[in-house]
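> Sequence and computational prediction follow.
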Amino acid sequence: MLKHTVIHSADRDDLDTWVRYRNGLCDSCNAVCCTMPAEVRARDLVRLGFIDEFELDSDPKQLAKRLQKQGLIEHFNFRHALFTLARRANGDCRLLDPATRRCTVYEQRPDTCRNHPQKIGPRPGYCPYHQKPAAKRQRPDDEI
């Protein structure tokens, strides 16, 4: 008897396709949330090492201008004091390892990432889960 494996593929832009978040779901996910714009506060930038603690008192517009020039952020919302982290051309967060699809700064990750999707996001408690593609198995005759 064959056992069918259901591969779920949520549409990041269609909240109705998102799945209820549960512990361990990230282990088999292709890091879809890491392709969404990540809005962070200045304290997160300190934790990431993008700015120093003493820069928290500096003009946020000037700080944003410098960080944009460095390619660390792509946008600054002055009204809400939110910085949007820069992404690669394919939409991935620049802090995501392209090969492993894991965060390269996991221990220093911003609060937005720490609390997504349980507490924050477009649909709190749900995530745009997309199962990782199965690893290709090498056949014996493919070995060198």
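Yep, it's here. Numbers count the residues shown, from 1 in each chain.

> if we look at the helix or strand containing residue 45, which residues are touching it?
Assigned by DSSP states H and E, residue 45 belongs to helix 42-48. For helix 42-48, contacts defined as C-beta atoms under 8 Å, 6 or more residues apart in numbering pick out 40, 51-53, 55-56, 60, 63, 67, 72, 81, 83, 95, 105, 108-112. All C-beta spots, glycine's among them, are computed from the backbone N, C-alpha and C.

> make it 6 Å
Residues outside helix 42-48 that contact it (C-beta atoms under 6 Å, 6 or more residues apart in numbering): 51, 53, 56, 108, 110-111.

> Any idea how many residues pack against the nearest residue to residue 60 once chain neighbours are set aside?
The shortest distance from residue 60 to any non-neighbouring residue, by C-beta to C-beta, 6 or more residues apart in numbering, is to residue 81 (6.1 Å). Using other C-beta atoms under 10 Å, residue 81 has 12 neighbouring residues.

> So for the top helix by length along the chain, what gets flagged as buried?
Determined from DSSP state H, the single longest helix within the chain is helix 60-69. Within helix 60-69, the residues that count as buried by 16 or more other C-beta atoms under 10 Å are 60, 63-64, 67-68.
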